[in-house]
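*Asks:* Could you work out the structure for the sequence below:
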Amino acid sequence: MPPDAVNSFLDIQPDVEAALTDKQAVVALESTIICHGMPYPQNVETALQVENIVRENGATPATVAVLDGRLKAGLTEDEIDYLGQKGKRVTKASRRDLPIIVSRRQDAATTVASTMIIANMAGIDLFATGGIGGVHRGAEQSMDISADLQELAQTNVAVVCAGVKSILDIGLTLEYLETHGVPVVGYRTDTLPAFYSHSSRFPVDCRLDNARDVARMLCVKWDMGVGGGAVIANPVPSEHALDPAEIDAVISAALQTMKSSGITGKNTTPYLLASIAEKTGGRSLAANIELVYNNARLAAQIAVEFCRERYSR
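*Replies:* Model (predicted):
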């Protein structure tokens, strides 16, 4: 499809467009955390703070969503507040949902996969989120595999995250990413972070210890014509991490309850995260917020170095 046809569905916020035109750093941010991650007004306060962290680290934030059928790369504060107030009444949209939402002129909060799609349309290379989706536990029977993984295989956007959500099968998720050629880079870590926990028993593909090296790797990857994204795994700060044994026990109990309740598909992750937050007395939600802040900070630093690497040649 010609670029003009793609752009006819897309609105880029003026400050985001100015940064892209000037070859300055931009970081995409998802909107599912606003609508499905926490209650109002905490969701809006968190989203605005994430944007501030991106700015403080030298990049322009571009929160992504769909409003009235328009793909949005960058939201105003009023638009973020609008989504926060509507909360779970806003559809959670992945790749398959975008054409339906746009054609019906509806609103939607974007997942990792759909945020990557819209960021790529806008020309944004870096995206910060909490954790990526993956292969669900028991997927050998359910075939429940997140669309995030396929998007990482085909869309040229690097995702800075705290690894794979702990509710998933981390080992199978890494096998899937390996099969589809998606590099998993540990930022100052040799093992993949497990979202709430600082580390896991699963090694990353390589370790890089500064933003410049990550940026250089991304430039080389895409300049070589090796398409697809990359996972930049950034551990939750140690002071906010939860004990792995505790969180595994909570997740196991939540999975059993979910199974007996017949909850499946896109409803599983919101259900499990809410259940875990309840069982940990809110400590998991606090860790979630802190790891998102941490990822936004690193993504902005990488985006700045990426622009220096790409445009100073």
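
*Asks:* Do you have the helices of the stretch 1-150 of the chain handy? List them.
*Replies:* Listed in chain order, the helices of the stretch 1-150 of the chain (DSSP state H, counting those that start in this stretch) span 3-7, 14-21, 32-36, 42-56, 77-86, 98-103, 112-122, 139-142, 147-154.

*Asks:* Redo the ones you listed as TSV? Include mean pLDDT and distance to His240.
*Replies:* No exception for glycine: its C-beta is placed from N, CA and C like everyone else's. As requested, the helices of the stretch 1-150 of the chain are arranged in TSV below (pLDDT from 0 to 100; distance: least, CB to CB, whole Å):
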stretch	mean pLDDT	distance to His240
helix 3-7	62	39
helix 14-21	98	29
helix 32-36	94	16
helix 42-56	98	14
helix 77-86	98	23
helix 98-103	98	33
helix 112-122	98	21
helix 139-142	62	29
helix 147-154	95	23
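
*Asks:* and the residue nearest to Gly74 when sequence neighbours are not counted, how many neighbours?
*Replies:* Residue nearest to Gly74 in three dimensions, not counting chain neighbours: Gln13, with 2.7 Å by CB to CB, 6 or more residues apart in numbering. Number of residues near Gln13 (other CB atoms under 10 Å) recorded here: 19.

*Asks:* Same list, the helices of the stretch 1-150 of the chain, but as a markdown table with distance to Gly131 please.
*Replies:* Shown next, in a markdown table, are these (distance: least, CB to CB, whole Å):
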| stretch | distance to Gly131 |
| --- | --- |
| helix 3-7 | 28 |
| helix 14-21 | 24 |
| helix 32-36 | 11 |
| helix 42-56 | 15 |
| helix 77-86 | 20 |
| helix 98-103 | 22 |
| helix 112-122 | 9 |
| helix 139-142 | 17 |
| helix 147-154 | 10 |
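
*Asks:* quick revisit: thinking the residue nearest to Gly74 is in contact with Asp78, fair?
*Replies:* No. The pair formed by Gln13 and Asp78 falls short of the contact definition of CB atoms under 8 Å, at 12.0 Å.

*Asks:* Hmm, Val50 and Tyr293 touching each other?
*Replies:* Yes. With contact defined as CB under 8 Å, Tyr293 counts as touching Val50 (6.5 Å).

*Asks:* on that earlier part again, can you tell which of the helices of the stretch 1-150 of the chain is closest to Thr280?
*Replies:* Among these, the nearest to Thr280 by CB to CB is helix 42-56 (16.3 Å).

*Asks:* contact partners of that closest one?
*Replies:* The set of residues external to helix 42-56 that reach it, using CB atoms under 8 Å, 6 or more residues apart in numbering, is 27, 29, 31, 33-35, 37-38, 60-61, 63, 77, 80-81, 84-85, 87, 128, 289, 292-293, 296-297, 299-300.
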